[in-house]
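In: The following comprises the amino acid sequence and a computationally predicted model.
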Amino acid sequence: MPSTTGLQFSPLEGQPFGATVHMPSYTKDPSQLNEADFAELKSALLKYSVLVVPDQADLSPESQHALTVKFDETTGTAYGHDEKLFHSSKSILAKDGKSVPRRPEVMMVGNGHFEAGHEGMKEFTLEHPTHFHFHKSILGEKEIANNQTRFYRWHIDAALYELAPPVVTTLLGLIVPSTNEKQTIVYEDTKESKEVVKGATAFASGKIAFDLLSEEQKQFALNTTVVYAPHPYMYINNCKATSDGLTIESETPPKEVPLNELPAWEDSKIKRLPLVWTNPGTKNPHLQVHGCCVYQLVNTTTGEVIAELEEARKIVHGLMRPAISPEHIYCHGWTKGDLCIFHNRGVIHSVTGEFAPHEKRLMHQCNVASGEDPLLFK
């Protein structure tokens, strides 16, 4: 779908979704696209769900933020999380990144120690999220020796309390491992496997997730609201995930932080979001849920609670599990300068990979809270 100025999109070969963006001759910076070309870019994102723009190593935090904001006219431009809560030692997200000082909506994520100077930072250390810190059961020494890895946590980038989920996330690879290094994800329930480039970011499509449901499941999903826990990342701070990273293992005694021990919260700020969201471009239904933060499932029409915590997790896991099967996901193996733009309301995603402490990886991630919650699919 070329534009008159050369903007083009090439579907990712052999992948279930996604496309590469070829920039027009007049600019290398996607935040500087003219109005017509940006409209094409946004339309393509809603169609392909994940766009890869190569050769963006020089993209500044200011440009990355400006680009991210342009996808959502309702945003106030603030980061997608409450930054104080995001960095709290009592949040499961506490180690997930550091803000660029002059553009705090852009987070630095990765692994290793970095000397002073990057984007005005003093020396700093990043830690790659790993299943060893988050999963109830972990890989053994033999599996690690065989270069196995896991999906860390499938999620939507969203605070899921007070702030509306971002429409788009942009992720820029600056220091990345060699694309020749491979690791393997083994699915414990089916023994299928997926070879990925070390440190690949995995994406699963909400559209595919919905399409894979039975007719009965589709009707259930279309009539269900997900209630998320207040301050959900604090609520699950002591919990461990299932081995596929889709949701949380419910344990006895419970590991969840009691609601009365969380920071002050208001019922009106709890997120109650439809289980199926509307893609504003294609009008397709997308099954979109952050399985680790689910609290209850409620009937959209009657308000009746369908499932309490443990059962809600099991139901969500059953609905989403087919969509993360090897043939349905796209795992992006990073090349320096890759900019991934993904429809945060159309896909879920997960970190993969195991890194030694000395291995360096540096990425810039940006998302901005929307001014409106996603629409129920009708």
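Out: Perfect, I can see it now.
In: Quickly note the distance from Glu13 to Ser49.
Out: Using CB to CB, to the nearest Å, we find Glu13 at a distance of 16 Å from Ser49. For every residue, glycine as well, the C-beta is placed using N, CA and C.
In: Look at those two and report which has more neighbours.
Out: Shown here are Glu13 and Ser49; by other CB atoms under 10 Å, Ser49 has more neighbours (28 against 7).
In: Surely Pro165 touches Glu372?
Out: No: Pro165 lies out of contact with Glu372 (CB atoms under 8 Å); the separation is 9.7 Å.
In: neighbour-wise, which of the two wins?
Out: Pro165 (23 against 12).
In: Please report the distance of the more buried one from Gly112.
Out: Using CB to CB, Pro165 is found at 30 Å from Gly112.
In: Outline the domain layout of this structure.
Out: Domains of the chain are assigned by automatic domain parsing as 8-206+328-367, 207-322.
In: TSV please, covering the ones you listed and showing distance to Leu376 and mean pLDDT.
Out: Compiled in TSV, these are given as follows (distance: least, CB to CB, whole Å; pLDDT from 0 to 100):
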stretch	distance to Leu376	mean pLDDT
domain 8-206+328-367	13	92
domain 207-322	4	97
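In: Would you reformat these as TSV and include distance to Phe377?
Out: Formatted as TSV, the domains of the chain follow (distance: least, CB to CB, whole Å):
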stretch	distance to Phe377
domain 8-206+328-367	10
domain 207-322	4
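In: and the longest strand for this structure?
Out: Counting residues, the longest strand found in the chain (DSSP state E) is strand 103-114.
In: neighbouring contacts of that strand?
Out: The contact list for strand 103-114 (CB atoms under 8 Å, 6 or more residues apart in numbering) reads 61-62, 64-65, 68, 77-79, 83, 96-100, 118-119, 121, 123-128, 175, 355, 357-368.
In: ditto for stretch 143-154
Out: When contacts are defined by CB under 8 Å, 6+ apart, stretch 143-154 is touched by residues 129-131, 134-135, 139, 182-186, 196, 198, 202, 204, 241, 243-246, 291-292, 320, 324, 348-354.
In: Write the ChimeraX selection for whichever of these are buried.
Out: Listed next is the ChimeraX selection for buried residues among the contacts of stretch 143-154, using 16 or more other CB atoms under 10 Å:
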select :129,130,131,134,135,139,183,185,186,196,198,202,204,241,243,244,245,246,291,292,320,324,348,349,350,351,352,353,354
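In: Next step: the contacts of stretch 143-154 restricted to strands.
Out: Per DSSP E, the contacts of stretch 143-154 map to strands at 182-186, 196, 202, 204, 348-351.
In: Using JSON lines, please lay out those residues together with distance to Pro285.
Out: Below are the ones in strands among the contacts of stretch 143-154 laid out as JSON lines (distance: CB to CB, whole Å):
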{"residue": "Lys182", "distance to Pro285": "35"}
{"residue": "Gln183", "distance to Pro285": "33"}
{"residue": "Thr184", "distance to Pro285": "32"}
{"residue": "Ile185", "distance to Pro285": "27"}
{"residue": "Val186", "distance to Pro285": "31"}
{"residue": "Val196", "distance to Pro285": "28"}
{"residue": "Ala202", "distance to Pro285": "22"}
{"residue": "Ala204", "distance to Pro285": "15"}
{"residue": "Ile348", "distance to Pro285": "15"}
{"residue": "His349", "distance to Pro285": "19"}
{"residue": "Ser350", "distance to Pro285": "22"}
{"residue": "Val351", "distance to Pro285": "27"}
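In: Whichever helix in the chain runs longest to strand 201-205, inter-axis angle?
Out: The longest helix of the chain (DSSP state H) is helix 35-48. Helix 35-48 runs at 80 degrees relative to strand 201-205, counting by axes from the mean of the first three to the mean of the last three CA atoms, to 10 degrees.
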